[in-house]
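Quick one, what's the 3D model for this:
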Amino acid sequence: MIDRPAIAAFGRASGCLSVGGLPLDRLVERVGSTPFFAYDRRLLTARIELLRATLPYGIDLSYAVKANPMPAVAQHLSVLVDSLDVASALEMRIALDTPMRPERISFAGPGKTPAELSQAVAAGVTIEMESETEAERVIAIGDRLGLRPRVAVRVNPDFEIKGSGMRMGVGPQQFGVDAERVPALLKELALADLEVLGFHVFAGSQNLRAEILCDAQRKTVDLALRLAEAAPMPVRYLNIGGGFGIPYFDADIPLDLPAIGANLAKLLTDSIRPRLPEARVVVELGRFIVGECGVYVTRIIDRKESRGKTFLIVDGGLHHQLAASGNFGQVIRRNYPLAIGNRMDEDPTETVSVVGCLCTPLDLLGEKVQLPPAKIGDLVVVFQAGAYGLTASPTAFLGHPHPAEVLV
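Prediction:
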């Protein structure tokens, strides 16, 4: 059986997929039930090591907790990366429970409530402000608490990044302050008792084209240098976003990470260090760190023939793995990598569709997939499940049980 790289990374033992060094059949017994998500500790560590070896010295790594906020994952990564980025009060509490220092935790996202902002100011995390209203609230909270808030301005850039799964910059956006409005905001911030650290610019996500990402990084740095001229104090924090994609589908070509590293090295040497010598330059990554390190495991509970088509019906589905069902951003549905996890040494000799247990035709995990002959009780494994899996899915839909998560 020829494995795709996403599958081969996990290894195998006695015909079973291996996750975290454990054969899948043993891991199922350890977890106690299916479905579940399993994240491989070794692969997470290796991912950070790859980034450290490829990106230049002077680039800090921030883990975007929203990609996978499982507390054990956040704990593991907190001692490997330089900072954590959160997008809610719950994620902030998860991050604060790790060894990461509060000042190395950033809080981004539109619509932060006054209560959330109060928590952030009290905790001492860096608030990435998304609007003038948010800035006013942070100033008032700092005055009320007698604390000096740590802040950065999230900027809605005036350039576009193409080829991303989601575009989060240029044009009207709920994210960040429009670049042309930032200088006026900085003048207001200069009058307040704030520690204004710098800027956060994030233009898009899930991009597999290095040349586009490199161009976006160059434009991001140019924008930051222009805005720095209006900053009330030297820029000490520059979050240039991430957007590094991972391959989900057969035609996807993995990102050329060395090209990204070379581009960042040149930007550091030629532009950032001469103009912003005090800036901590941050690349913020979520999916790229955790996406390929996790699997979703679900058991076949029925095998059904219907008018010449074979269905493998499993005890999981889109309520746990919305993205793999094609209902989380795909325009044309394509299959995530799939395998029969307890038959890894067998050749794919039949074409089947893998469907979930929900009462909707949208509950489709694999359409016309080539797999080994599978029986009731066998284990279907969905790969690329480490990011935007469980917490990005409608777990309450139709009232099925909540899946377990394990870090192995």
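
tell me the phi and psi of the residue nearest to Thr391 when sequence neighbours are not counted?
The shortest distance from Thr391 to any non-neighbouring residue, by CB to CB, 6 or more residues apart in numbering, is to Pro69 (6.0 Å). In short, each C-beta sits where N, CA and C put it, glycine included. Phi and psi for Pro69, reported as degrees, to the nearest 10, are phi -90, psi 10.

hang on, Pro69 packs against Ala392?
No - the criterion here is CB atoms under 8 Å, and Pro69 misses it with Ala392 at 10.5 Å.

what about the residue nearest to Thr391, neighbour count?
The tally of other residues near Pro69 (other CB atoms under 10 Å) stands at 19.

do Asp302 as well
12.

ok, now Val138?
Considering only other CB under 10 Å, Val138 is surrounded by 24 other residues.

give the contact list for it.
Val138 makes contact with Leu117, Val121, Ile127, Met129, Pro149, Val151, Leu194 under the criterion CB atoms under 8 Å, 6 or more residues apart in numbering.

Out of the residues you listed, flag the one nearest to Leu358.
The closest of those to Leu358 turns out to be Leu117 (CB to CB; 37.9 Å).

buried stuff in the helix or strand where the closest one lies?
According to DSSP states H and E, Leu117 maps onto helix 114-123. Of all the residues in helix 114-123, those buried under the rule 16 or more other CB atoms under 10 Å are Glu116, Leu117, Ser118, Gln119, Ala120, Val121, Ala123.

shouldn't the second one be in contact with Glu134?
Yes - in this structure Leu117 lies within contact range of Glu134 using CB under 8 Å: 7.1 Å.

between those two, what contacts are shared?
Ile127.

What is the burial count for Ile141?
By other CB under 10 Å, neighbour count at Ile141 equals 20.

what do you get for the one 4 residues further on?
Per other CB under 10 Å, the neighbour tally for Leu145 reads 12.

if I look at it, how far off is Glu116?
From Leu145 over to Glu116 the distance is 14 Å, taken as CB to CB, to the nearest Å.

same check, this time on Arg218
34 Å.

got the buried residues for the lengthiest strand in the chain?
Scanning the chain for the longest strand, with DSSP state E as the assignment, gives strand 294-306. Neighbour-count burial for strand 294-306 flags Gly294, Val295, Tyr296, Val297, Thr298, Arg299, Ile300, Arg303 (criterion: 16+ other CB under 10 Å).

Give me the phi and psi for the residue lying farthest from the centre of the chain.
What lies farthest from the middle of the chain is Arg307; by CA atoms, centre = their mean that is 40.3 Å. Dihedral angles of Arg307 (phi, psi; degrees, to the nearest 10) stand at phi 50, psi 50.

who touches it in this structure?
Listed by CB under 8 Å, 6+ apart, Arg307 has no contact partners.

Using PDB, write out every CA atom in stretch 20-31.
Presented in PDB, the C-alpha positions along stretch 20-31 are these (Å, rounded to 0.1, in the frame of the first residue of the first chain):
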ATOM      1  CA  GLY A  20       2.500   8.600  19.400                       C
ATOM      2  CA  GLY A  21       4.200   5.200  19.200                       C
ATOM      3  CA  LEU A  22       1.000   3.300  20.100                       C
ATOM      4  CA  PRO A  23      -0.700   0.900  17.700                       C
ATOM      5  CA  LEU A  24      -4.200   2.100  16.900                       C
ATOM      6  CA  ASP A  25      -6.000  -1.000  18.300                       C
ATOM      7  CA  ARG A  26      -4.200  -0.400  21.700                       C
ATOM      8  CA  LEU A  27      -4.900   3.300  21.600                       C
ATOM      9  CA  VAL A  28      -8.600   2.600  21.100                       C
ATOM     10  CA  GLU A  29      -8.600   0.500  24.200                       C
ATOM     11  CA  ARG A  30      -6.700   3.200  26.100                       C
ATOM     12  CA  VAL A  31      -9.300   5.900  25.100                       C
END
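
follow-up on the earlier one: in terms of distance to Ala108, which of the buried residues of strand 294-306 ranks first?
The closest of the buried residues of strand 294-306 to Ala108 turns out to be Gly294 (CB to CB; 23.1 Å).

which strand residues sit across from the closest one in the sheet?
Tyr39 (DSSP bridges).

Identify all contacting residues around the helix or strand hosting Phe199.
Using DSSP H and E, Phe199 sits within strand 195-201. By CB under 8 Å, 6+ apart, the residues outside strand 195-201 that reach it are 106, 108, 126, 128, 148-155, 157, 169, 176, 182, 186, 189-190, 220, 223-224, 227-228, 231-233, 235-241, 279.

Buried among the residues you listed? Make that a PyMOL selection.
Applying 16+ other CB under 10 Å to the contacts of strand 195-201, the buried members can be selected in PyMOL as follows:
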select buried, resi 106+108+126+128+149+150+151+152+153+154+155+157+169+176+182+186+189+220+223+224+227+228+231+235+236+237+238+239+240+241+279
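
Against Tyr57, how distant is the closest residue in space to Pro56 that isn't next to it in sequence?
Closest residue in space to Pro56, ignoring its immediate chain neighbours: Ala265 at 3.9 Å, by CB to CB, 6+ apart. Distance, Ala265 to Tyr57, by CB to CB: 9 Å.

Looking at the two now, which is surrounded by more residues?
Ala265 (15 against 7).

any low-confidence regions in the chain?
Counting by pLDDT under 70, the chain has low-confidence residues at 1-3, 162-172.

in it, which spans are helices?
5-8, 24-31, 41-54, 71-78, 89-96, 114-123, 132-145, 182-190, 210-228, 257-267, 273-275, 287-290 (DSSP state H).

Report how many residues lie close to Glu188.
14.
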